[in-house]
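> Provided below are the primary sequence and the corresponding predicted coordinates.
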Amino acid sequence: MKISVDVDCTPEEARRFMGLPDLSSVHEIYLGKMKRTIEEGITPDMVSNLIQNWAPMGEAGMGVWRQLFDQMSGSAKK
């Protein structure tokens, strides 16, 4: 036997029905920061910070990233 139930509701109604938290205020803060970053532009400090957070090996990983970017930009010394 197969039973199907169709529920016609908005995403907000579904979230409330499932008991999920309302994260709209967090979403608005995040969007505000993203818009501000886009308007102000990305600074080298931001890129460095991002890579440091993503680099698996700390300073050694940063060296690999620097070397990669130097090679891509053609500024690597031969």
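Ah, there it is.
> quick one: the helices in the chain?
Along the chain, the segments classed as helices by DSSP state H run 11-18, 24-40, 44-54, 59-73.
> Might you list the low-confidence residue ranges for the chain?
55-58, 75-78 (pLDDT under 70).
> one more time with 50, if that's ok
76 (pLDDT under 50).
> Domain map for it?
If the domains of the chain are taken from automatic domain parsing, they occupy 7-41, 43-78, with pieces of a single domain joined by a plus sign.
> Would you mind giving those domains as JSON lines with distance to Met1 added?
From N, CA and C alone the C-beta is placed, and that goes for glycine too. Shown next, in JSON lines, are the domains of the chain (distance: least, C-beta to C-beta, whole Å):
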{"stretch": "domain 7-41", "distance to Met1": "20"}
{"stretch": "domain 43-78", "distance to Met1": "51"}
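> Could I get these in a markdown table, plus columns for mean neighbour count?
Shown next, in a markdown table, are the domains of the chain (neighbours: other C-beta atoms under 10 Å):
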| stretch | mean neighbour count |
| --- | --- |
| domain 7-41 | 9 |
| domain 43-78 | 10 |
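> picking that back up, could I get the helices of the chain as TSV with distance to Lys2?
Formatted as TSV, the entries for the helices of the chain read as follows, by distance: least, C-beta to C-beta, whole Å:
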stretch	distance to Lys2
helix 11-18	23
helix 24-40	36
helix 44-54	46
helix 59-73	52
